[in-house]
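Chemist: what follows is a predicted structure for the sequence shown.
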Amino acid sequence: MLAIRLPADIEHRLEALAQATGRTKTFYAREAILEYMDNLEDIYMAARALEDIRAGRSKTTSLEDVMREHDLAD
């Protein structure tokens, strides 16, 4: 269970959206949180991968090499 306080203007927008679409405010709050978490996880994974590359713990492969390896080259 999670309870959050929203600024009045956001609460009104959320209520209007819910009424206009026949969905619940909870539905939209859940969808927004899930989408945001997906984005944050992607950002943190990318930052960690970049850190590993810069530290020499991981290497990169050029697009040319990947295409050639999978017979996708022109």
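Modeler: Nice, I can see it.

Chemist: so where's the protein uncertain?
Modeler: Counting by pLDDT under 70, the low-confidence segments of the chain come to 74.

Chemist: quickly note the distance from the residue nearest to the spatial centre of the chain to Lys25.
Modeler: What sits nearest the mean C-alpha location of the chain, by C-alpha atoms, centre = their mean, is Asn39, with 1.6 Å. Separation of Asn39 from Lys25 (C-beta to C-beta, to the nearest Å): 21 Å. Yep, even glycine has a C-beta here, placed from its N, CA and C like the rest.

Chemist: who are the packing partners of the helix or strand that contains Leu40?
Modeler: Taking DSSP states H and E as the criterion, Leu40 maps to helix 25-54. Applying 3 or more C-beta pairs under 8 Å, 6 or more residues apart in numbering; DSSP states H and E, one finds that helix 25-54 makes contact with helix 8-21.

Chemist: okay, buried residues for the helix it packs on please.
Modeler: Using 16 or more other C-beta atoms under 10 Å as the test for burial, helix 8-21 gives Leu14, Ala18.
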